[in-house]
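Visitor: Here is a sequence with its predicted model. Questions after.
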Amino acid sequence: MSSIVSRIAIVSAMQEELTAVLALMQGQQKQTIAGRDFWLGQLHGREVIVVLSRIGKVAAATTATILIERFGVQSLVFTGVAGGLHPSVQVGDMVVATEFLHHDMDASPLFPRFEVPLTGVSRFAADVVLSVELASAVSRALPHARLHLGLMVSGDRFVSTTAESQALQAVVPDALAVEMEGAAIAQVCLDYGVAFAAVRTISDRADDAAHGDFLQFVQTTASPYSAAIVVQLLMAI
């Protein structure tokens, strides 16, 4: 049985990543909760909720909880940008997460580094069915883009120096990309038994040039990429 159900949420951290998606929605109705605008409507015949989570793990967790508790969402997709970490992941590539990790979680020596205390979990798996559909949607929407599947790491810090990037690669060598929301949403979705998948376009290499690369990329690329992927996903599920 598919884990993908009728009501699906589309979430991004920045307005630029949602603009084109909102432009395609029909029958929009807005509800404002906790300072966030939740847009309910239809997209390619599917009931969707689109929301800007804001940036960071607490903001993302709050948004995910509202979606589940208030709106009964049972499938959640995050789309946005990330910094590339693994040497094989370059600007313009796409990454669909198979699992998530909080790279700034460290309660040692009480618990192993990266493990969320009292859970026994350091890596939070993405929903397999939804992630496969999301990866297929990326391939259809952006057939010339290179697609990677693997670990995304999250933290409340914009990684923007070569030294920081190299330090992360050293401790989590299989991490493909770094961002600021995914692991928090994955943790909430695990608690509630909700399907979660995420796709990120690589906007920079999380190095000394990251700031300039990121701003330019978000403005010119993130929004149309997100819309194209979401449309392909909703057409298939």
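Guide: That came through, no problem.

Visitor: any idea which element M152 lies in?
Guide: Per DSSP states H and E, M152 falls inside strand 147-154.

Visitor: The helix or strand following that strand to strand 147-154, inter-axis angle?
Guide: Downstream of strand 147-154, the first helix or strand assigned by DSSP H and E is helix 162-171. Angle of helix 162-171 versus strand 147-154, following axes from the mean of the first three to the mean of the last three CA atoms, to 10 degrees, is 100 degrees.

Visitor: now the next helix or strand along the chain from helix 162-171, how far from the centre of its chain.
Guide: Counting by DSSP H and E, the next helix or strand C-terminal to helix 162-171 is strand 175-179. With CA atoms, centre = their mean, to the nearest Å as the basis, strand 175-179 stands 11 Å off its chain's centre.

Visitor: what helices or strands is strand 175-179 leaning on?
Guide: Judged by 3 or more CB pairs under 8 Å, 6 or more residues apart in numbering; DSSP states H and E, strand 175-179 is in contact with strand 75-84, strand 94-102, strand 147-154, helix 162-171, strand 195-204. C-beta here means a position set from N, CA and C on the backbone, and glycine is covered the same way.

Visitor: In JSON lines, list those along with distance to V11, mean neighbour count and mean pLDDT.
Guide: JSON lines is the format used below for the helices and strands packed on strand 175-179 (distance: least, CB to CB, whole Å; neighbours: other CB atoms under 10 Å; pLDDT from 0 to 100):
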{"stretch": "strand 75-84", "distance to V11": "5", "mean neighbour count": "27", "mean pLDDT": "93"}
{"stretch": "strand 94-102", "distance to V11": "13", "mean neighbour count": "24", "mean pLDDT": "97"}
{"stretch": "strand 147-154", "distance to V11": "14", "mean neighbour count": "22", "mean pLDDT": "97"}
{"stretch": "helix 162-171", "distance to V11": "24", "mean neighbour count": "14", "mean pLDDT": "92"}
{"stretch": "strand 195-204", "distance to V11": "9", "mean neighbour count": "26", "mean pLDDT": "93"}
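
Visitor: what bits of this structure have low per-residue confidence?
Guide: Along the chain, segments meeting pLDDT under 70 span 1-6, 206, 208-219.

Visitor: mind running it again at 80?
Guide: 1-6, 16-17, 205-223 (pLDDT under 80).
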